[in-house]
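Novice: Here you go, sequence then predicted model.
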Amino acid sequence: MAIDKRVASAAEALRDVKDGATVLISGFGGAGFPNHLIRGLKEHGARRLTLVVNSATHRYSLTHELIENGQVAHVICTAARGHAPGLSPFEKLWKDGRIELTCLPQGTFAEAIRAAGAGIPAFYTPVGVGTELTRGKEVRRFKGRDYVLEPAIEGDVALIRADTADRYGNLTFRYAQANFGPAMATAAKLTIAEVRVVEPAAIPHTRAQLPGVYVDRIVTAPGGTR
Amino acid sequence: MTAKPLNRLQMAWRAAQDVQEGQLVNLGLGMPIAVADYIPPDRDVFLQSENGIIGVGPLAPPDRIDTDLVDAGSRRVTLRDGATIVDSVASFAMIRGGHIDITVLGAFEVAANGDLANWDMRVPDKGPLVGGAMDLAAAARAVWVIMEHTTKKGAPRLVERCALPLTAQRCVKRVYTDLAVVDVAEGGFLVRELLPGLTREEIAARSGAPLAFATDLKPLSVPDIALPNS
């Protein structure tokens, strides 16, 4: 039987997400948020989730709905500050000690996800040395400079947004839509991509930006990320 | 008579004059982003944004907005001729790998040894936001800072040691303030350009660490640039 990764709905794609799962969610700067899948995860109702997402509060992402809904125990991110003058849903829970936060430099965040997908358990980086974000972490000197050891971040599930897919799961991205998506797809046991359109024929190799081997399920969500 | 302190666009203009032909430059949010508008037109420069754009163009006019074409600050932008786009892993490999010639960042404090504090003001209950600041500060070939010389309350931002949480250690090369252009040199702060009419004693009094003055100290000279809506 020919490979076909298309599924009919977000609910079907998310059916086996378990309580306590670590969920990687793409999106940065307003592009590449898998909002159709995030809404689906809210409806699915899985709890005690760890979210690995660049921003806990971006105004164009629906991540905050999962947080407001009490489904999230821990957020690993690079930005946890709300845009509005008041406190964001994340900040309210965080202030009361009801949600755990791990804040990482953005390049460390990206590389930790890449490392997990590339079979590297931890890596040394010069970023964050001597700052409170690396307090307590192992430091080692190479060629006269200090580097801090950062662990890889792997996920149970990755939810990513792309522009087009084919039945094999090959993906293309528009403009700045890719951001963390390709790395996240490599770092999770189950990767679900929502796309604007599934193309009827295979995407030519010159256009495919992520090999379909990293993608397990494809959901069509034409409406985009807003 | 003392000249008026520079406004934020004049500070951006002054920094822009030091960007050289062919450089790859990353501009931080806030004041630094305005540097893009004042790079002399005869210098061909690529602007990098952390979300993976190499060759950010001007803001998109309303009829050309594309919600997938944004920079790291969520601004709807365009691409310049020759632009390329990579994912976040490759973008930060570019940054961490030392391929960015200059990053221009905002700051709360810069210390005499080049330590930078620009990511956490310790606002109660507000979540932290570090983004790519630590990566850029730790790994760009040159880290420039644009900031007012003092806080609104008059406290110095050029200090002996940063009181606020550090972004990176010993990274800042040059600071453009509303009063001066200051290098971070071996022995501490070295004033290269000074606002006309401001005395050495007056700027020293507004600084929290000793200042040295370049032997060829120049006047800080910028054109009139009006702030929008002023």
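Specialist: That came in fine, so what should we check first?
Novice: going forward, measure contacts between C-alpha atoms and count neighbours the same way
Specialist: Will do.
Novice: contacting residues for A:E100?
Specialist: A:A73, A:H74, A:V75, A:W94 (CA atoms under 8 Å, 6 or more residues apart in numbering or on different chains).
Novice: got it, and B:V143?
Specialist: So B:V143 contacts B:I102, B:T103, B:V104, B:L105, B:L136, B:A137, B:C171, B:V172, B:K173, B:R174 (CA under 8 Å, 6+ apart).
Novice: May I ask which helix or strand encompasses the fourth one?
Specialist: Under DSSP states H and E, the secondary-structure element containing B:L105 is strand B:102-106.
Novice: C-terminal to that strand, what's the next element?
Specialist: Taking DSSP H and E, what comes next after strand B:102-106 is strand B:109-111.
Novice: Hmm, A:R6 is touching A:V215, no?
Specialist: No: with contacts counted by CA atoms under 8 Å, A:R6 stays clear of A:V215, the gap being 10.3 Å.
Novice: Comparing those two, which residue is more hemmed in?
Specialist: Between A:R6 and A:V215, counted using other CA atoms under 10 Å in any protein chain shown, the more crowded position is A:V215 (26 against 21).
Novice: That one is in contact with A:A165, isn't it?
Specialist: No: look at A:V215 against A:A165 with CA under 8 Å: they stay out of range, at 9.8 Å.
Novice: For chain B, see how far away the residue sitting nearest the centre point of chain A is.
Specialist: Note on chain A: the residue nearest the mean C-alpha position is A:I25, at 2.4 Å, using CA atoms, centre = their mean. Counting by CA to the nearest CA, to the nearest Å, the gap from A:I25 to chain B is 13 Å.
Novice: I'd like to know which elements the helix or strand of chain A with the lowest mean pLDDT is packed against.
Specialist: For chain A, counting by mean pLDDT, DSSP states H and E, helix A:89-95 ranks last in confidence among helices and strands (a mean of 93). Applying 3 or more CA pairs under 8 Å, 6 or more residues apart in numbering or on different chains; DSSP states H and E, one finds that helix A:89-95 contacts helix A:63-68.
Novice: Next, the buried residues of the helix it packs on.
Specialist: A:T63, A:H64, A:E65, A:L66, A:I67 (16 or more other CA atoms under 10 Å in any protein chain shown).
Novice: Let me know the average pLDDT across it.
Specialist: Taken as a whole, helix A:63-68 has an average pLDDT of 95.
Novice: Equivalent analysis for stretch A:215-223, please.
Specialist: 94.
Novice: and it with chain B, contact?
Specialist: No: contact of stretch A:215-223 with chain B (CA under 8 Å from any CA of the partner chain) is absent, the minimum separation being 12.2 Å.
Novice: Residues touching that stretch, excluding its own?
Specialist: Under CA under 8 Å, 6+ apart, the answer for stretch A:215-223 is A:5-10, A:13, A:36, A:165, A:167, A:169-170, A:185, A:190-198.
Novice: First-to-last residue distance for it?
Specialist: 21 Å (CA to CA, to the nearest Å).
Novice: and if you look at stretch B:46-63?
Specialist: Taking CA to CA as the criterion, the two ends of stretch B:46-63 lie 24 Å apart.
Novice: what sits up against it?
Specialist: In contact with stretch B:46-63 (CA under 8 Å, 6+ apart) are residues A:28-29, A:176, A:179, B:22-27, B:71-72, B:75-88, B:90-92, B:132.
Novice: Confirm A:R114 sits in a helix?
Specialist: Yes: under DSSP: H, G, I helix; E, B strand; the rest coil, A:R114 falls within a helix.
Novice: where does the chain dip in pLDDT?
Specialist: Unless you meant another one, I'm taking chain A. A:224-226 (pLDDT under 70).
Novice: I was thinking of chain B, sorry if that wasn't clear
Specialist: Checking chain B against pLDDT under 70 turns up B:1-2, B:230.
Novice: Could you list the contact residues of it toward chain A?
Specialist: Counting by CA under 8 Å from any CA, the residues of chain B near chain A are B:51-53, B:67-75, B:85-89, B:92-93, B:96, B:125-135, B:138-139, B:165-169.
Novice: So which of those belong to strands?
Specialist: B:I53, B:I85 (DSSP state E).
Novice: Can you tell me which of the residues of chain B next to chain A are classed as buried?
Specialist: Using 16+ other CA under 10 Å, the buried ones in those are B:51-53, B:67-74, B:85-89, B:92-93, B:96, B:126-135, B:138-139, B:165-169.
Novice: picking that back up, export the least confident helix or strand of chain A as PDB, just CAs?
Specialist: This file holds the C-alpha atoms of helix A:89-95, laid out as PDB (Å, rounded to 0.1, in the frame of the first residue of the first chain):
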ATOM      1  CA  PRO A  89      -2.500  34.000  31.200                       C
ATOM      2  CA  PHE A  90       1.000  32.500  31.500                       C
ATOM      3  CA  GLU A  91       2.200  35.200  33.900                       C
ATOM      4  CA  LYS A  92      -0.800  34.900  36.200                       C
ATOM      5  CA  LEU A  93      -0.200  31.100  36.700                       C
ATOM      6  CA  TRP A  94       3.600  31.600  36.900                       C
ATOM      7  CA  LYS A  95       3.300  34.300  39.600                       C
END
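Novice: got the buried residues for it?
Specialist: A:P89, A:F90, A:E91, A:K92, A:L93, A:W94.
Novice: nearest to chain B, of those?
Specialist: Ranked by distance to chain B (CA to the nearest CA), these are led by A:E91 at 5.9 Å.
Novice: you'd agree that closest one is up against B:V123?
Specialist: No: with contact defined as CA under 8 Å, A:E91 does not count as touching B:V123 (11.8 Å).
Novice: Strands of chain A, start to end?
Specialist: A:22-25, A:49-53, A:72-77, A:100-103, A:122-125, A:139-142, A:145-151, A:155-165, A:171-172, A:188-198, A:217-220.
Novice: typed the wrong thing, it's chain B
Specialist: B:24-27, B:46-48, B:53-59, B:77-85, B:102-106, B:109-111, B:116-117, B:142-146, B:158-159, B:172-176, B:180-185, B:188-194, B:211-219.
Novice: can you put those strands in CSV and add distance to A:C103?
Specialist: Compiled in CSV, the strands of chain B are given as follows (distance: least, CA to CA, whole Å):
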stretch, distance to A:C103
strand B:24-27, 22
strand B:46-48, 23
strand B:53-59, 24
strand B:77-85, 26
strand B:102-106, 20
strand B:109-111, 21
strand B:116-117, 16
strand B:142-146, 23
strand B:158-159, 27
strand B:172-176, 23
strand B:180-185, 29
strand B:188-194, 32
strand B:211-219, 36
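Novice: re earlier: can I get the strands of chain A in JSON lines including distance to B:A205?
Specialist: Putting these into JSON lines (distance: least, CA to CA, whole Å) gives the following:
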{"stretch": "strand A:22-25", "distance to B:A205": "49"}
{"stretch": "strand A:49-53", "distance to B:A205": "45"}
{"stretch": "strand A:72-77", "distance to B:A205": "40"}
{"stretch": "strand A:100-103", "distance to B:A205": "37"}
{"stretch": "strand A:122-125", "distance to B:A205": "39"}
{"stretch": "strand A:139-142", "distance to B:A205": "39"}
{"stretch": "strand A:145-151", "distance to B:A205": "35"}
{"stretch": "strand A:155-165", "distance to B:A205": "53"}
{"stretch": "strand A:171-172", "distance to B:A205": "57"}
{"stretch": "strand A:188-198", "distance to B:A205": "56"}
{"stretch": "strand A:217-220", "distance to B:A205": "63"}
